[in-house]
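Participant: Dropping a prediction and its sequence here:
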Amino acid sequence: PFIMASDPKKLQKQVDTAQDEGVQITRNIRDIAVETHGIALDTADTLIRQGEQLDNIDRRLDEVNSDIKEADRNLREIEKCCGCCFCPGSRPKKLAKRKEVYTEQNNPVTQQPRVRERGGPEGGQYVDRVLGDDREAEMNENLKITDQAVDQLMGLAVDVGDELGRQNKQLEKINAKAEKQDKNITDVNRRIRKQLT
């Protein structure tokens, strides 16, 4: 709450106080924006590593599926009564075919965050220059850095959202594969126990 002073010294002191507070506020805003940007970058990196882990899980499930198919082929040979054909009533059911739920390419976030094409205020000034001192220049610089960080945060938010959508689809695919393989493993184990008894 500034009351306009009639004394020029008091007025200058009020202006200086307001300018100092403005500088401190823009420093705080800048620091928060830069810190938030760093956190967002760390989050995006973590999400990329998580995507790589999901890719590895998906690849390993494919390997397990291949192993199950081989075990099924070998077990079918064992189940033949004479080694050349199946005995009546002993023909095993074929393993459930796995349907691909997920066909999208694996595209982890690898590019830099998108930056919106907005730019700063006209003339590059966020604060009107009244006194023309260093404090106004610092406030403008702080707000410019803040604006750039917010621009990059917006791009990161879009990229993180896209990657989360991709990973959610991939998780659905992995769950479908795992359920199908669980059924196939149960069937192969049942048939093996039957052969052993």
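Facilitator: Perfect, I can see it now.

Participant: only C-alpha atoms for contact and neighbour calcs from this point on.
Facilitator: OK.

Participant: so where is this protein shaky, pLDDT-wise?
Facilitator: For the chain, the stretches with pLDDT under 70 are 1-5, 81-124, 126-130.

Participant: Could you tell me which helix of it is the longest one?
Facilitator: helix 8-79 (DSSP state H).

Participant: Return the list of helices and strands in contact with that helix.
Facilitator: Counting contacts by 3 or more C-alpha pairs under 8 Å, 6 or more residues apart in numbering; DSSP states H and E, helix 8-79 packs against helix 134-196.

Participant: now the longest helix of the chain against helix 134-196, angle please.
Facilitator: Helix 8-79 and helix 134-196 are oriented at 10 degrees to each other (axes from the mean of the first three to the mean of the last three C-alpha atoms, to 10 degrees).

Participant: Tell me the gap between helix 8-79 and the middle of its chain.
Facilitator: 6 Å (C-alpha atoms, centre = their mean, to the nearest Å).

Participant: next one: stretch 179-193
Facilitator: 35 Å.

Participant: Flag every buried residue along it.
Facilitator: Across stretch 179-193, burial judged by 16 or more other C-alpha atoms under 10 Å covers 180-181, 184-185, 187-188, 191-192.

Participant: same thing with stretch 140-152?
Facilitator: 140-152.

Participant: now the residues you listed as CSV including distance to Q50?
Facilitator: Output for the buried residues of stretch 140-152, formatted as CSV (distance: C-alpha to C-alpha, whole Å):
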residue, distance to Q50
N140, 39
E141, 36
N142, 34
L143, 34
K144, 33
I145, 30
T146, 29
D147, 30
Q148, 28
A149, 25
V150, 25
D151, 25
Q152, 22
